[in-house]
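> Give me the fold of what follows.
(one chain, ligands or ions: 1)
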Amino acid sequence: MERIQKRIAASGVASRRKAEALILEGRVKVNGQVVDSLGVKVGPKDEVTVDDIVVSKLSSLYLVLNKPRGYLCTVSDEFNRKTVMDLVPEEFREAKVFPVGRLDYDTKGIILLTNDGDFMNKMVGPKSGIQKEYLVRINGIITSDALNRLQNGVMINGKMTLPAIVSLESIDRNNSSSLVKIVITQGMNHQIKEMFKVVGHEVKRLTRIRFGNIKIDDLSEGEIRRLTIHEVKTLLELSKQSKILPISKRR
Ligand code: URA
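Have a look, this model is predicted:
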């Protein structure tokens, strides 16, 4: 349930303050009944109108979650394992949100959720140019040759990966491991793990630290928040970019 002025504002019809004014002016109805107090809450199935025009029965919702390890990116699981939906507050679950693409069970980091299928297709569809940035802890000391191969593209499951932006963050000689940052625009199955496997390294820990303009910085693990309208608009713009990353940014 959400306050009616929040629903109106989320639909883009008016700002929250303007929505409050519309309510007080008696121009708003819920399921055909005029509502003139600001405290009224509506559920996803309630019909809200302004001047008898349906605002939206189910407002589009855009969320970002910092997914911890040990959660599946599905709406339900036949084996009753934890899913990202367990981290979604009731009010958002009612709006029937689902994850935008997938992170593996043991991957943590940024995952968007929405109830807008069109938005989801634009984000993770085959044409999407959205950049996904990962921090990858791998076994072994990576060579510059391997980094170059990852950057230029490697063959996984019979398909060549597109050029990536790759940088070596640090090397831990005592524990024989390396930390690598990589930016990709594709979303093949287990792409990062498969790419590193091709160059001879096992991924020990994987974190998605950025999805387009949405960074992990301000979210603690398991935390969820709404995206702002500005963030959603920027994501839609970024999705239209080419999948081919600019050469200047590559190693
Ligand atoms: N690549 C992977 O291998 N796993 C993820 O979860 C995301 C990208």
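
> can you give me the strands in the stretch 151-251 of the chain?
155-156, 159-160, 165-172, 177-184, 203-211, 214-215, 224-226 (DSSP state E, counting those that start in this stretch).

> out of those, nearest to the ligand?
strand 203-211 (5.6 Å; Cβ to the nearest ligand atom). All C-beta atoms are positioned from the backbone trio N, CA, C, and that covers glycine.

> Sheet-wise, list the partners of the closest one with their directions.
Using DSSP bridges, strand 203-211 pairs in its sheet with strand 107-114 (parallel), strand 132-139 (antiparallel), strand 214-215 (antiparallel).

> so how far is stretch 190-207 from its chain's centroid?
21 Å (Cα atoms, centre = their mean, to the nearest Å).

> re the thing from before, just say which of the strands paired with strand 203-211 is most tucked in.
Among these, ranked by average contacts under mean count of other Cβ atoms under 10 Å, first place goes to strand 107-114 (a mean of 23).

> Now do that one: everything it contacts.
60-69, 73, 84, 88, 92, 97-103, 120, 123, 134, 206-211, 214-216, 219, 221, 224, 227, 235 (Cβ atoms under 8 Å, 6 or more residues apart in numbering).

> now, which of those lie within helices?
Judged by DSSP state H, helices contain the following of the contacts of strand 107-114: 92, 120, 123, 235.

> okay if I get the residues you listed as JSON lines plus pLDDT?
Formatted as JSON lines, these follow (pLDDT from 0 to 100):
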{"residue": "Phe92", "pLDDT": "85"}
{"residue": "Met120", "pLDDT": "95"}
{"residue": "Met123", "pLDDT": "97"}
{"residue": "Leu235", "pLDDT": "97"}
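
> Would you mind measuring the gap between the ends of stretch 137-156?
20 Å (Cα to Cα, to the nearest Å).

> actually stretch 81-96, not the one I wrote
With Cα to Cα as the measure, stretch 81-96 spans 19 Å from end to end.

> how about low-confidence regions in the stretch 101-250 of the chain?
For the stretch 101-250 of the chain, the stretches with pLDDT under 70 are 249-250.

> what does it have sitting close to the ligand?
103-104, 107, 190-193, 206 (Cβ under 6 Å from any ligand atom).

> mind redoing it with 8 Å?
102-104, 106-107, 132, 134, 184, 187-195, 203, 206, 208 (Cβ under 8 Å from any ligand atom).

> and Gly125, how far is that from Lys243?
11 Å (Cβ to Cβ, to the nearest Å).

> let me redo that: Gly129
With Cβ to Cβ as the criterion, Gly129 and Lys243 are 5 Å apart.

> Could you name every residue contacting both of the two?
Listed as contacting both Gly129 and Lys243 by Cβ under 8 Å, 6+ apart are Thr185.

> dump the residue contacts of the closest residue to Ile130 other than its chain neighbours.
What sits nearest to Ile130 in space, not counting adjacent residues and going by Cβ to Cβ, 6 or more residues apart in numbering, is Gly212, at 4.6 Å. Listed by Cβ under 8 Å, 6+ apart, the contact set of Gly212 reads 123, 130-131, 234-235, 238-239.

> which one of these has the most neighbours?
Ile130 (26 neighbours; other Cβ atoms under 10 Å).

> show me what contacts Leu227?
Residues counted as contacts of Leu227 (Cβ under 8 Å, 6+ apart) are 62-64, 112, 214, 235.

> which among those residues gets closest to Ala146?
The nearest member of these to Ala146, counting by Cβ to Cβ, is Ile214 at 28.9 Å.

> ok so, going back, show me how to select, in PyMOL, the buried members of the contacts of strand 107-114.
To isolate the buried subset of those in PyMOL, counting by 16 or more other Cβ atoms under 10 Å, use the following:
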select buried, resi 60+61+62+63+64+65+66+67+68+73+84+88+92+97+98+99+100+101+102+103+120+123+134+206+207+208+209+210+211+214+216+219+224+227+235
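
> so what's the nearest residue to Ile165 once chain neighbours are set aside bridging to?
Closest residue to Ile165 apart from its sequence neighbours, by Cβ to Cβ, 6+ apart: Val183 at 4.0 Å. When assigned by DSSP bridges, Val183 has beta-bridge partners Glu133, Ile165.
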